[in-house]
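# What shape does this take:
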Amino acid sequence: MSDSPPLNPGIADLRKSYERGELDETASAADPLQQFRTWFDQALNSELPEPNAMTLATVGADGRPSTRVVLIKGFDARGLVWYTNYHSRKGRELAVQPWAALQFHWVELERVVRIEGRVEKVADAESDAYYASRPLDSRLGAWASPQSEVIPSRTVLVTAAAQAAARHLLHPPRPPHWGGYCLQPDRWEFWQGRKSRLHDRLRYRQEGGHWVRERLAP
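Residues are numbered from 1 along each chain as shown. From the prediction side, this is the model:
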């Protein structure tokens, strides 16, 4: 074995004691959507940086997983919605394997929410409505960017955006390759950091059309 010092001395010694809250069965909602709504509202009211940011994990046809951060744009009884380019890597992977996982990490609240389920595209009318609500630069960007593709330089993007602006002026229509996805949860997990690494983990899973709530060991 090498006697060389570690490349990053000190990383193994990083520690944090989680003591901001707790989560137990009596204080949590029986429905995971309601529990999520409560925590999401608390994250918003705490003025955290980008409380709507979530990690999306997908799996390609080759079985190779990939993650990226996207922004939730709505949630209700159907599931959680975000928007993206259908031709991007995540879009191509969801076309082959329509199951995915989401994760919110609200560091300041010492909380994590994990969600798993099947993903479907939202209706065209819903994508149209959200697209129309975006700033003009963002709408033009959806036309300009061949998301996840190799490009020779940033100039390609700037030029494509200018061409889209010249072509569509102030009213670009929604590109046919851009729209929304909705993850329909069949599993939720709510994680609250606790002292001594004895964290609280409550999982909700579908069974017989009902939600079963159970505690997981940290």
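
# rest of the way, CA atoms for contacts and neighbours
OK.

# next helix or strand past the helix or strand where T84 lies?
Using DSSP states H and E, T84 maps to strand 79-85. Going down the chain from strand 79-85, the next helix or strand is helix 89-96, by DSSP H and E.

# just the CA coordinates of that following helix, formatted as CSV?
Only the C-alpha atoms of helix 89-96 are listed here, as CSV (Å, rounded to 0.1, in the frame of the first residue of the first chain):
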residue,chain,number,x,y,z
ARG,A,89,-30.4,12.8,-22.2
LYS,A,90,-33.1,12.6,-19.5
GLY,A,91,-35.8,12.8,-22.2
ARG,A,92,-34.3,10.0,-24.2
GLU,A,93,-33.8,7.8,-21.1
LEU,A,94,-37.4,8.4,-19.9
ALA,A,95,-38.6,7.3,-23.4
VAL,A,96,-36.9,4.0,-22.8
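
# Pull out the buried residues from that helix.
Of the residues in helix 89-96, 89-95 count as buried by neighbour count, 16 or more other CA atoms under 10 Å.

# Next, the angle strand 79-85 makes with it.
Per axes from the mean of the first three to the mean of the last three CA atoms, to 10 degrees, the angle that helix 89-96 makes with strand 79-85 is 120 degrees.

# quick one: low-confidence parts of this protein?
In the predicted model, the chain carries pLDDT under 70 at residues 1-7, 9.

# the helices in it, which residues?
Under the criterion DSSP state H, the chain contains helices at 32-45, 89-96, 124-133, 136-144, 154-168.

# Now do the same contact list for P173.
A132 (CA atoms under 8 Å, 6 or more residues apart in numbering).

# separation between it and G10?
The gap separating P173 from G10 is 52 Å, by CA to CA, to the nearest Å.

# Could I get the contacting residues of the closest residue in space to L109 that isn't next to it in sequence?
Of all residues not flanking L109 in the chain, R20 sits nearest, at 6.8 Å (CA to CA, 6 or more residues apart in numbering). Contacts for R20 (CA under 8 Å, 6+ apart) come out as 109-110, 193-194.

# where does R20 fall, phi/psi-wise?
phi -80, psi -20 (degrees, to the nearest 10).

# Tell me the one among the buried residues of helix 89-96 nearest to E207.
L94 (24.7 Å; CA to CA).

# got the contact list for the closest one?
By CA under 8 Å, 6+ apart, the neighbours of L94 are 58-60, 100, 119.

# Since that was my last question, I'll sign off now.
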